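K.L.:
How does the following fold in three dimensions:
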Amino acid sequence: MFRIYNFTAETQRTQRKPLLVLLCALCVSAVNILSAAEPVDAIWSARYVITEDPRHRVIENGAVAIRADRILAVGARAEIDSRYTPKQRLDRPDAILAPGLINTHTHAAMSLLRGIADDLRLQDWLEHYIFPAEAKNVSPDFVRWGTRLGCLEMLLGGTTTFTDMYYFEDVAAEAAKEAGMRGVLGETIIGFPVADAKTPADSLVFTEKFINRFRNDPLIVPAVAPHAIYTNSDETLKASRALANKYNVPLVIHVAETKKEVDDTLAQRHMTPVKALDTLGVLTGRTVAAHCVWVNDADIAVLKQRGTGVAHCPSSNMKLASGVAPVVRMLELDMPVGLGPDGPAGSNNDFNLFEEMDLAAKLQKVTTLNPQALPASAALEMATIRGARALGMEKEIGSLEPGKRADLIMVRIDRPNAVPIYDPVSQMVYALKGDDVRDVMVNGKLVVRDAKILTLNEPLILQKAAEYRDKVKASLK
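P.N.:
Coordinates of the predicted model:
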């Protein structure tokens, strides 16, 4: 019995030896794999990753690896986890991970004039309400708090880049940087005295200083922003183009927004606003044309030839009864068309790009009587990579691709309005809302976590907004 027991123990020792060797080898391999994994600052993973890359991939159980301010890799979660070791991890199995949304036209500081005058035509709204209110209230402090309020709303709603046209844009830039938000910011140039300039020439001087201050900023792209053809002289429009070209920055301008604008331009110049601007050379260079509602085929051909970015603003065009831009035709020509909410004072009272995606698609369907016009995929593209093209920034933002800026959003899909889910892209456009956004990263930095802003003092901003409401109301009595 003793011999049998002794033999069995010896056998066990003999059998354990290769097993121990194998376990040791596996441990060494695991250590080697972990040590070989490349360190990154963060990995974000979600149930779906909408890339908006050239193949428009949607990756189920996907992930994005981030280092500093750039995207390092995009792929299946298992693949990303095997290649990279993150300092921080954000896993949302109940979310869609998508590129940050891009607002191609707005007036952020006008958030403090939200709802001051509604249900009016553009010229009435501008001349009898907005211009007088601005003349009495706009100041650097007004712009700072108004931009903070706008950035707060935009970031919480998943917008990571906004294109602005207003006054004291240097202050707007400071507020945007404080919020950690990306901005293409244009100093308004207009043909009458305004808060930060007595003349258009003064505005041009201001703008050049603004450009020089922010031209190499990682978040701010300075721009030249002549308001419109009907509020500026030809000399000012030409000077604006020359300044933008001198520094290779965008020129942002309202174009063919209303029928009145077109009719007046035809009467005065015997050509459309687009044709007139092109004749003056204003469209020769990097340009973002807001609205482009009343454009004919010849105008569209000019915009296409010049590579002009178009900012489509469906809510604003509907609310002011300005008309419907021929976006389907522009997309058929593969033109760079983005989305914008416009200003939140009367032309639109919020900055919600989820709403703009939804309305952009539906507006084209109902006016063409074609349910297939501007599908969800096209609407999301306009809010991301095509919007980036409109700004001339498609190499930096607009999609989740290696080498691009790390501008990402997590949108939750565990709420009643989000389930069930069959098509993540369709869900983003037609079902999800701005307040479904849970996390936001801009330039590699987390700025919204669990639907809470990390960079701004929300209670104080809301308090200041209430104070300005009282001040504005008193000034109009």
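K.L.:
helix or strand for the spatially most central residue of the chain, which one?
P.N.:
In the chain, the residue lying closest to the centroid (Cα atoms, centre = their mean) is Ile102, at 1.6 Å. Element membership for Ile102, per DSSP states H and E: strand 101-106.
K.L.:
Just the CA coordinates for that strand, please, in CSV.
P.N.:
Provided in CSV are the C-alpha atoms of strand 101-106 (Å, rounded to 0.1, in the frame of the first residue of the first chain):
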residue,chain,number,x,y,z
LEU,A,101,-21.4,67.8,-33.6
ILE,A,102,-20.4,70.8,-35.6
ASN,A,103,-22.4,74.1,-35.6
THR,A,104,-21.6,76.0,-38.8
HIS,A,105,-23.5,79.2,-38.0
THR,A,106,-24.7,80.9,-34.9
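K.L.:
distance between that strand and the chain's centre?
P.N.:
How far strand 101-106 lies from its chain's middle: 4 Å, per Cα atoms, centre = their mean, to the nearest Å.
K.L.:
Can you list the helices and strands that that strand packs against?
P.N.:
strand 159-166, strand 287-291, strand 309-312, strand 337-339, helix 353-368, helix 385-390 (3 or more Cβ pairs under 8 Å, 6 or more residues apart in numbering; DSSP states H and E). C-beta here means a position set from N, CA and C on the backbone, and glycine is covered the same way.
K.L.:
Just want the angle from the first one to strand 101-106.
P.N.:
Translated: strand 159-166. Interaxial angle of strand 159-166 relative to strand 101-106 (axes from the mean of the first three to the mean of the last three Cα atoms, to 10 degrees): 10 degrees.
K.L.:
out of the helices and strands packed on strand 101-106, nearest to Leu72?
P.N.:
strand 159-166 (18.2 Å; Cβ to Cβ).
K.L.:
Please verify my assumption that the residue nearest to the centre of the chain contacts Arg389.
P.N.:
No - applying Cβ atoms under 8 Å, one finds Ile102 not in contact with Arg389, separated by 9.7 Å.
K.L.:
picking that back up, columns mean neighbour count and distance to Tyr84 on top of the helices and strands packed on strand 101-106, output as TSV?
P.N.:
Compiled in TSV, the helices and strands packed on strand 101-106 are given as follows (neighbours: other Cβ atoms under 10 Å; distance: least, Cβ to Cβ, whole Å):
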stretch	mean neighbour count	distance to Tyr84
strand 159-166	29	23
strand 287-291	27	36
strand 309-312	30	35
strand 337-339	30	32
helix 353-368	21	30
helix 385-390	28	24
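K.L.:
Now tabulate the ones you listed in TSV and tack on mean pLDDT.
P.N.:
Listed next are these as TSV, based on pLDDT from 0 to 100:
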stretch	mean pLDDT
strand 159-166	98
strand 287-291	98
strand 309-312	98
strand 337-339	98
helix 353-368	98
helix 385-390	98
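K.L.:
Please name whichever of the ones you listed is nearest to Gly183.
P.N.:
Of the helices and strands packed on strand 101-106, nearest to Gly183 by Cβ to Cβ is strand 159-166, at 5.5 Å.
K.L.:
Now do that closest one: distance to the chain's middle.
P.N.:
7 Å.
K.L.:
Next, the angle from it to helix 353-368.
P.N.:
Using the same axes, to 10 degrees: strand 159-166 against helix 353-368 is 80 degrees.
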